[in-house]
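Q: Next one to model:
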Amino acid sequence: MLAGIRHAPIQLWSQGGAWFQDEQLRRFKARVAPFRSYKRIGKDERNCAKWDRYYEAVEEMLEKTSTTWAPWTVVEANGKYYARVTVVQTLTKALKTAR
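A: Next up is the predicted model:
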């Protein structure tokens, strides 16, 4: 299944701070607020408990699927504005290079 990922020309990963456990936990706890409860799903607690395993799996996937012609770009997403600007800059650079 992972082999198919190599065929995508541009691959970006941005998951709202998934690799910064403290930020992920902060956002997870914020979902308890009544006005954010719609974001909460039944599997949140289970998924949070498996954070280390998810981290290892994604690291392995990135290592096995990144290529010189289609490298992964890991975007720090603790700050949403910074993450969005970084994604736009990365895409712009990739598109200019592809000309």
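
Q: number of nearby residues for residue 77?
A: The tally of other residues near residue 77 (other CB atoms under 10 Å) stands at 21. (Glycine included, C-beta is placed from N, CA and C.)

Q: In three-state terms, label it for me.
A: Three-state assignment for residue 77 (DSSP: H, G, I helix; E, B strand; the rest coil): coil.

Q: quick one: pLDDT of it?
A: pLDDT for residue 77: 79.

Q: Then residue 85?
A: 94.

Q: which SSE is it in?
A: helix 80-97 (DSSP states H and E).

Q: Just the buried residues of that helix, please?
A: Under the neighbour-count criterion of 16 or more other CB atoms under 10 Å, helix 80-97 has 83, 86-87, 94 buried.

Q: how about the helix or strand residue 48 falls within as PDB, C-alpha atoms only?
A: Per DSSP H and E: residue 48 is located in helix 44-49. The C-alpha trace of helix 44-49 is given here as PDB (Å, rounded to 0.1, in the frame of the first residue of the first chain):
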ATOM      1  CA  ASP A  44     -10.200  10.600  20.700                       C
ATOM      2  CA  GLU A  45      -9.200   9.100  24.000                       C
ATOM      3  CA  ARG A  46      -8.000   5.800  22.400                       C
ATOM      4  CA  ASN A  47      -6.100   7.700  19.700                       C
ATOM      5  CA  CYS A  48      -4.500  10.000  22.200                       C
ATOM      6  CA  ALA A  49      -3.300   7.000  24.200                       C
END
